[in-house]
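> What would the 3D arrangement of this be:
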Amino acid sequence: MTSETEKVPADADAAVADADMKKRVLFICIHNSARSQMAEALLNSMASEYFHSESAGIEPGVLNPFAVKAMAAAGIDISQNSTNAVMDYLKEGRTYDYVIAVCDKEAADKCPVFPGSGEKIHWMFPDPSSFKGTDDEKLAFTMEIRDQIKQRIAEWLKSFKFHF
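Numbering: from 1, shown residues only. Model (predicted):
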C-alpha cells in the first residue's frame, strides 16, 4: 500500500510524461496580434489533450482588439495574452513538431521562419489589421477569419484521425 505522499510524485511524473507526449505547435505571423493568436487559442481549445500550441511574430505588435472580441464571441478569452517574438523563443531553445505560418499572400515574403526540425506549414489568411470599414464590419471580417482558421485546424486535425 502506498501513502498519499508517495502518490504525489507519481502523479506529477505522469503529468510531465503526458505533457511531453503532446505535439508542440507554433503559429507565427508578422505581429502576433490576431491570426496566430486566434490559431493558438483555437487549437488549444479544440485538441489540448494532443497538442500544446503557442504563437509568436517577427515584429510583435499590440493584441488586435477585434481578434479579442471575435474570440470572446466564440467563448475563448485571449484578452490577457501577450504578443511574443519568434527570436525570443529561438533564443530560449524552444522546439516544435509543427511550425504553421498564417500570413497572407502579400506578407509571405516577410512571414517569419522558425528554424529547426519541425514540419513547416503555411496557411494563408487575410490580416485583420488591414480591414477597412466600421468597427462592426471589422469585427465581422475578423470573425470570418477566425472561422476560416478554425475550419483549417479541424481539417488538419483530421489528418491525425481526430474529428472535431
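> Val102 reaches Cys29, doesn't it?
Yes - with contact defined as Cβ atoms under 8 Å, Val102 counts as touching Cys29 (5.0 Å). All C-beta spots, glycine's among them, are computed from the backbone N, C-alpha and C.
> shared neighbours, the two?
Common contacts of Val102 and Cys29, defined by Cβ atoms under 8 Å, 6 or more residues apart in numbering, comprise 35-36.
> Could you report the pLDDT at the residue nearest the centre of the chain?
Centroid-nearest residue in the chain: Glu40, 1.7 Å away (criterion: Cα atoms, centre = their mean). Looking at Glu40, its pLDDT is 98.
> same thing with Ser129?
We have a pLDDT of 90 for Ser129.
> so who does it touch?
31, 33-34, 61, 64.
> of all these, which comes closest to Tyr98?
Ala34 (19.8 Å; Cβ to Cβ).
> okay but the closest one is in contact with Asp127, surely?
Yes - under the criterion of Cβ under 8 Å, Ala34 lies in contact with Asp127, with a separation of 7.1 Å.
> surely Lys23 meets Ile100?
No - with contact defined as Cβ under 8 Å, Lys23 does not count as touching Ile100 (11.6 Å).
> Comparing these two, which shows the higher neighbour count?
Ile100 (26 against 16; other Cβ atoms under 10 Å).
> Now do the helix or strand encompassing Ala39: which elements does it pack against?
Using DSSP states H and E, the element containing Ala39 is helix 35-47. Applying 3 or more Cβ pairs under 8 Å, 6 or more residues apart in numbering; DSSP states H and E, we find helix 35-47 packed against strand 23-29, strand 51-57, helix 65-73, helix 135-158.
> So for Asn44, which of those sits nearest?
Across the helices and strands packed on helix 35-47, Asn44 has its closest neighbour in strand 51-57 (5.4 Å, Cβ to Cβ).
> which residues sit against the closest one?
Counting by Cβ under 8 Å, 6+ apart, 19, 22-33, 36-37, 39-40, 43-44, 83-86, 88-89, 94, 112, 114 sit against strand 51-57.
> got it, and stretch 72-88?
Contact with stretch 72-88 is made by 28, 31-33, 37-38, 41-42, 45, 54-58, 60-63, 67-68, 71, 112, 114, 143, 146, 150, as judged by Cβ under 8 Å, 6+ apart.
> what about it, average pLDDT?
Here stretch 72-88 scores 96 as its mean pLDDT.
> In it, which residues are buried?
Buried residues in stretch 72-88, defined by neighbour count with 16 or more other Cβ atoms under 10 Å: 74, 76, 78, 81, 83-84, 86.
> Neighbours of Ser33, how many?
Ser33 has 26 nearby residues by other Cβ under 10 Å.
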